[in-house]
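S.K.: sequence first, then the predicted structure:
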Amino acid sequence: MAFFLAFKEIWRNQVRFLSFSAVIALITVLVLFIAALAQGLAMANKEYLSKVDGELIVFDENADLMASSSLIRRSNLNDIQRVDGVADAGSVGFSSGKIFLKSSGEFLDVSLIGVDPNKPGAPPVVEGQSFSNNRSSDVIIDANVAEDSGLQVGDQITIVTIRNDEETYNTLPVVGITDGQQYLYAGSIFLTNKTWDEVRTTGSANASLAELTSNVVIVKVENPEETEIVAQDIENQVSGTEAVDIDIAIESLPGYSAQQSTLNTQQGFTLLIGILVIGGFFQIQMLQKIPQIGVLKAIGTTNSVVAHSVVLQIILITTFGVFIGAVITYLLAAFLPAGIPILFSGPSVLLAVISLLLIGPIGGLVSVRLAISVEPLIALRL
Amino acid sequence: MENNIVIETRNLSKIFKSGSQSIKAVDQASIEIHAGEFVALVGPSGSGKTTMLAMLAALLTPSEGQVLINGQDLARMSDKERVYFRGKEIGFAFQANNLIPFLTVLENVDLMLRINNNYSKETRQDAIELLTRLGLGDRLYSLPRQLSGGQRQRASIARTLIHKPSVVLADEPTANLDTERAYQVVEIYADLIHEQNKTGIMVTHDLRMCRYVDKIIQIEDGKITSILSNQSDIDDLIACH
């Protein structure tokens, strides 16, 4: 009975309900794109750290968890490796640079990441091979760089950096390709720490350090459940260090938290607008239907049937709108130019869709309440 | 005509309170209506006839007195029981907003069957036959907005009777119709009520519409001023107006 009333009203007022579904579809497109943008930007920033084979990252305690300000000496790495509970550790250096694309004559911004071969922080190779040894001048590029540059295993890569205020060109062999490992919005180029130290961008101030240094140390712990204890032990036993888990390190990436909270706020507001729009629509519709509901109740329709009919209508319209919105989003995404950082990940899309499906019933609660409160006496104009 | 009492009110009163003022819309009304009787409840605007009808339909709780339908005291029912009672035992027609606008004529009539969980191929066929008899056989799938006022009221008549209620209540069913169509509607009501041995009450302020009724109850300022059941008295009253 409730479904009969809900469906018939929609069916006989298709234009009105379709136009409202279109509004919900547009809200859906907006919410899904904001979610995808948040995900895409986050991934472009943190992809390397989120995939790293380790549980802890050790910074210089004065660096305020900023990798670019952190400096860890090789001697510190050895101390960290000796801490109880540490299974393995690898030093990692971050820098930025460009690669020169011979085919187009253009430059491509990249993150230069120095790693210890076969140690935490080194990327998994999906094509080609890994570094032959610690002193190798081989290069592993990530899938994004490979796609954007067209470079393949066996090609030579020309890395452009600024050293001591002078532009330097280093041409090195590409021996392997790893999966997507973006860091700070750029594709990554992996080098051994020794080679990284030789090619990285430097100012004149820290170019003369005698000892090999890196920015952070990635630590793999023996028992992941004791990560916090190991972090504490590292800080206690290796002076001048701060050890945090990967999630905290990601939150501390430049701009990451501010960007994500901004996008999440936008998404939240869009959902809130959705609730108000849906609530307003159904409430106005309900106000117009009061005499009709009065008649329904006067002839013996129960409150439960009336309320269920309203709820079903809201669910049908919202579900249809969200479905259309999802299809539009899918089609738009397929035609978006490359380079726009949007990423439709299963969990975030699912969360957005569930939120969108919930805003209908939440927004319609007021109209359900209104429907229940209608007195059948209205039918008699009393 | 059978003699069993279907509708009975005993000293029925309804007092509406507005601030410090009390308005007695119905005052000590006692009536008895039998099965097969078609009764007109007449009176000027504000006389209390619609309030009386609302109490008979279990839509309004009396301030004093009792309403008994088929011997059942409506005041002793819970709200839920009253809703089910209305759906099953009462057929209701209203002056305006009578039909549900997004349902076809047939669906509007079917609605009463669905409310009573009695919708089936057979009962649907009954609805089609009733509508055909009322001259709406070619309008089964039309929406209310596609019908004339008279057609809408005839569809409404079908809805009041399809579920075989014991009581049919009509609130000013001819208010929006021209005289000829109004007579037709009342005549159909009278015929079907007599034929199916139902009990019908029609509220009207137009005494001309009473030519087909068996009894006229006149109400003024909430009080029943006369009950006419003799045909010659009824004819005289109509003639006077």
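M.R.: Received the coordinates, thanks.
S.K.: now do the helices in the chain.
M.R.: The chain I'm using is chain A. Under the criterion DSSP state H, chain A contains helices at A:2-12, A:14-51, A:74-81, A:143-149, A:193-199, A:227-237, A:246-251, A:256-288, A:290-298, A:303-334, A:346-373.
S.K.: I was after chain B.
M.R.: Along chain B, counting by DSSP H, helices occupy B:49-56, B:79-89, B:105-115, B:121-133, B:149-161, B:179-195, B:231-240.
S.K.: give me the nearest residue to whatever residue of the stretch 151-300 of chain A ends up closest to chain B, chain neighbours excluded.
M.R.: Nearest to chain B in the stretch 151-300 of chain A, going by CB to the nearest CB, is residue A:300, at a distance of 2.2 Å. For every residue, glycine as well, the C-beta is placed using N, CA and C. Using CB to CB, 6 or more residues apart in numbering or on different chains and skipping residues adjacent in sequence, the residue nearest residue A:300 is residue B:87, 2.2 Å away.
S.K.: would you mind listing what in chain B touches chain A?
M.R.: Contact residues (CB under 8 Å from any CB of the partner chain) of chain B with chain A: B:50-51, B:53-54, B:57, B:59-60, B:80, B:83-84, B:86-88, B:90, B:92, B:94-98, B:100-103, B:107, B:111-112, B:114-116, B:143, B:159, B:171.
S.K.: of those residues, buried ones?
M.R.: Buried residues within the residues of chain B next to chain A, counting neighbours by 16 or more other CB atoms under 10 Å in any protein chain shown: B:50-51, B:53-54, B:57, B:59-60, B:83, B:86-88, B:90, B:92, B:94-95, B:97-98, B:100, B:102-103, B:107, B:111-112, B:114-116, B:143, B:159, B:171.
S.K.: pull the helix or strand with minimum mean pLDDT from chain A.
M.R.: The helix or strand of chain A with the lowest confidence, counting by mean pLDDT, DSSP states H and E, is strand A:213-214 at a mean of 82.
S.K.: and residue 191, how many neighbours?
M.R.: Looking at chain A here, since you left the chain open. Residues within reach of residue A:191, counting by other CB atoms under 10 Å in any protein chain shown, total 26.
S.K.: meant chain B actually
M.R.: Using other CB under 10 Å, residue B:191 is surrounded by 13 other residues.
S.K.: for chain A, see how far away it is.
M.R.: 22 Å (CB to the nearest CB, to the nearest Å).
S.K.: how far does the least confident helix or strand of chain A sit from the chain's center?
M.R.: Put simply, strand A:213-214 sits 29 Å off its chain's centre (CA atoms, centre = their mean, to the nearest Å).
S.K.: give me the contacts around that strand.
M.R.: Applying CB atoms under 8 Å, 6 or more residues apart in numbering or on different chains, the contact partners of strand A:213-214 are A:71, A:72, A:73, A:74, A:77, A:91, A:92, A:93, A:114, A:193, A:197.
S.K.: and residue A:206, what pLDDT?
M.R.: Residue A:206 is assigned 51 on the pLDDT scale.
S.K.: skipping adjacent residues, who's closest to residue A:231 in space?
M.R.: residue A:243 (3.9 Å).
S.K.: who's the one you found bridged to?
M.R.: Beta-bridge partners recorded for residue A:243 (DSSP bridges): residue A:58.
S.K.: follow-up on the earlier one: residue A:106 is nearest to which of the helices of chain A?
M.R.: Of all the helices of chain A, it is helix A:143-149 that lies closest to residue A:106, at 9.7 Å by CB to CB.
S.K.: give me the most central residue, chain B.
M.R.: What sits nearest the mean C-alpha location of chain B, by CA atoms, centre = their mean, is residue B:169, with 1.2 Å.
S.K.: and it, what does it touch?
M.R.: By CB under 8 Å, 6+ apart, the contact list for residue B:169 reads B:53, B:56, B:57, B:90, B:91, B:92, B:93, B:160, B:200, B:201, B:203.
S.K.: can you list those in JSON lines and add distance to residue A:130 and pLDDT?
M.R.: As requested, these are exported to JSON lines (distance: CB to CB, whole Å; pLDDT from 0 to 100):
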{"residue": "B:53", "distance to residue A:130": "90", "pLDDT": "90"}
{"residue": "B:56", "distance to residue A:130": "91", "pLDDT": "91"}
{"residue": "B:57", "distance to residue A:130": "86", "pLDDT": "89"}
{"residue": "B:90", "distance to residue A:130": "85", "pLDDT": "91"}
{"residue": "B:91", "distance to residue A:130": "86", "pLDDT": "90"}
{"residue": "B:92", "distance to residue A:130": "84", "pLDDT": "87"}
{"residue": "B:93", "distance to residue A:130": "86", "pLDDT": "87"}
{"residue": "B:160", "distance to residue A:130": "86", "pLDDT": "90"}
{"residue": "B:200", "distance to residue A:130": "94", "pLDDT": "92"}
{"residue": "B:201", "distance to residue A:130": "94", "pLDDT": "93"}
{"residue": "B:203", "distance to residue A:130": "93", "pLDDT": "91"}
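S.K.: of those, closest to chain A?
M.R.: Distances from chain A to the contacts of residue B:169, taken by CB to the nearest CB, are shortest for residue B:92, at 5.2 Å.
S.K.: for whichever residue of chain B sits closest to chain A, give me the pLDDT.
M.R.: Ranking the residues of chain B by distance to chain A (CB to the nearest CB) places residue B:87 first, at 2.2 Å. In this model, residue B:87 is scored at 90, pLDDT.
S.K.: tell me how far it lies from residue A:277.
M.R.: Taking CB to CB, to the nearest Å as the measure, residue B:87 and residue A:277 are separated by 36 Å.
S.K.: got it, and residue B:126?
M.R.: Between residue B:126 and residue A:277 the computed distance is 44 Å (CB to CB).
S.K.: what's the burial count for residue A:64?
M.R.: Using other CB under 10 Å, residue A:64 has 11 neighbouring residues.
S.K.: and the one 5 residues further on, by the same measure?
M.R.: Residue A:69 is surrounded by 12 other residues when neighbours are defined as other CB under 10 Å.
S.K.: pretty sure residue A:100 sits against residue A:160.
M.R.: Yes - proximity of residue A:100 to residue A:160 meets the contact threshold set by CB atoms under 8 Å, at 5.6 Å.
S.K.: tell me, what's touching these two both at once?
M.R.: In terms of CB under 8 Å, 6+ apart, residue A:100 and residue A:160 are both contacted by the residues A:107, A:169.
S.K.: interface residues of the stretch 51-200 of chain A facing chain B?
M.R.: Taking CB under 8 Å from any CB, no part of the stretch 51-200 of chain A reaches chain B.
S.K.: okay, now the residue nearest to residue A:36 when sequence neighbours are not counted: neighbour count?
M.R.: Among residues not flanking residue A:36 along the chain, residue A:342 sits closest, at 4.0 Å (CB to CB, 6+ apart). Residue A:342: 19 surrounding residues under other CB under 10 Å.
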